[in-house]
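Undergrad: Here's my sequence, what's the structure:
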Amino acid sequence: MRKILVIGIGAGNPEHMTVQAIGALNRADVLLIPTKGDEKAYLAAVRRDICDRFLTNADCRILDYSVPVRRADGAYADGVHDWHRAIAAIYERTLLGEVGEDQTLGLLVWGDPMLYDSTLRIIEHVRTAGNVTFETEVIPGITSVQALCAGHGIALNRIGLPVEITTGRRLSEGWPGTARDALVMLDGVQAFRTVDDPEAEIWWGAYLGTPHEILLSGRLADMAETITETRRKAREEHGWIMDTYLIRRPASEEGAA
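TA: All right, here's what the predicted structure looks like:
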């Protein structure tokens, strides 16, 4: 039976590759690398660097595919679902046309496949279509969350307090429930600017794990403009940006005990 290996490759540093991930890389008969145009050519280049460093299976073939553009009109969820189905069609064609009955397809996933990544959902679209039978194996990877906390030298959580992991889109709609700590990923709207708390602190990072890594921290009210301007310049320089940040609001002594 065919197999799909979903391999978490870390937050951008090839040295984030675990021994397990390297082993999985070398079990693949075909590796599928997404390309996202000139703006995000770096993301494909890191995947190729990983293959250059760690791939010793001379029989493995590396194939590129162009990632479909997600439509921006209409409802957000509908656009995402259509986008996922378009990528699923590429996976299906690859399995049927490039991967033998007893061979393995490897997908190199930025960060960790289980945290704010849609590869597993896309694979389920392929499975549900029923045109090809396959098994799935998932290899965890280092996330931008881990890279952020390591870069700043902080623990993700405070003693006795939860951390809400959310998106910029959701944070811009309001602070998440009763949590005092929010870890924000996928923020294209700079939602940290909507947090109205003069005592809140922020730990922000962009291009985490890469040579372009930027780290900033401090009181949110003091840092918001600096982060906004830094973000603008970085996006202008590189053509793209991926950032993650942790915001902490004051907690009572009772809650922090």
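Undergrad: can we go C-alpha only for contacts and neighbour counts from here?
TA: OK.
Undergrad: which other helices and strands contact the lengthiest helix in the chain?
TA: When the chain is parsed with DSSP state H, its longest helix is helix 76-98. Contacts defined by 3 or more CA pairs under 8 Å, 6 or more residues apart in numbering; DSSP states H and E place helix 76-98 against helix 119-129.
Undergrad: mean confidence for the next helix or strand along the chain from the helix it packs on?
TA: Tracing the chain past helix 119-129, the next element assigned as helix or strand by DSSP states H and E is strand 134-139. For strand 134-139, mean pLDDT rounds to 98.
Undergrad: residues in contact with strand 134-139?
TA: Contacts with strand 134-139, where a contact means CA atoms under 8 Å, 6 or more residues apart in numbering, come from 1-8, 20-21, 24, 113, 127.
Undergrad: What are the buried residues along the following helix or strand past that strand?
TA: Heading C-terminal from strand 134-139, the first helix or strand you meet, by DSSP H and E, is helix 144-152. Residues of helix 144-152 classed as buried by neighbour count (16 or more other CA atoms under 10 Å): Ser144, Val145, Gln146, Ala147, Leu148, Cys149, Gly151.
Undergrad: May I ask you to confirm that the second one is in contact with Leu208?
TA: Same thing as Val145. No: applying CA atoms under 8 Å, one finds Val145 not in contact with Leu208, separated by 9.0 Å.
Undergrad: Let's have the buried residues of helix 144-152 in a markdown table, adding distance to Ile33 and pLDDT.
TA: Putting those into a markdown table (distance: CA to CA, whole Å; pLDDT from 0 to 100) gives the following:
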| residue | distance to Ile33 | pLDDT |
| --- | --- | --- |
| Ser144 | 20 | 96 |
| Val145 | 23 | 97 |
| Gln146 | 24 | 97 |
| Ala147 | 23 | 97 |
| Leu148 | 25 | 98 |
| Cys149 | 28 | 98 |
| Gly151 | 28 | 97 |
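Undergrad: Output the residues you listed in a markdown table; the columns should cover distance to Thr226.
TA: Formatted as a markdown table, those follow (distance: CA to CA, whole Å):
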| residue | distance to Thr226 |
| --- | --- |
| Ser144 | 21 |
| Val145 | 21 |
| Gln146 | 23 |
| Ala147 | 21 |
| Leu148 | 18 |
| Cys149 | 20 |
| Gly151 | 18 |
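Undergrad: With respect to Ala41, which of the residues you listed is nearest?
TA: If you rank those by distance to Ala41 using CA to CA, Ser144 comes first, at 19.0 Å.
Undergrad: Setting aside sequence neighbours, what's the nearest residue to Gln20?
TA: For Gln20, ignoring the flanking residues on the chain, the nearest one in space by CA to CA, 6 or more residues apart in numbering is Ile139 at 7.2 Å.
Undergrad: Bridged to the one you found, which residues?
TA: Residues in a beta bridge with Ile139, per DSSP bridges, are Ile7.
Undergrad: Please report the distance of it from Glu237.
TA: Per CA to CA, to the nearest Å, Ile139 is found 33 Å from Glu237.
Undergrad: Settle it for me: which of the two has more neighbours?
TA: Neighbour totals were compared for Ile139 and Glu237, and Ile139 leads with 20 against 10 (other CA atoms under 10 Å).
Undergrad: From Trp83, how far off is the more buried one?
TA: The gap separating Ile139 from Trp83 is 24 Å, by CA to CA.
Undergrad: Likewise for Tyr65?
TA: Counting by CA to CA - Tyr65 and Trp83 are separated by 14 Å.
Undergrad: Next: Leu55.
TA: Relative to Trp83, and taking CA to CA, Leu55 is found at 30 Å.
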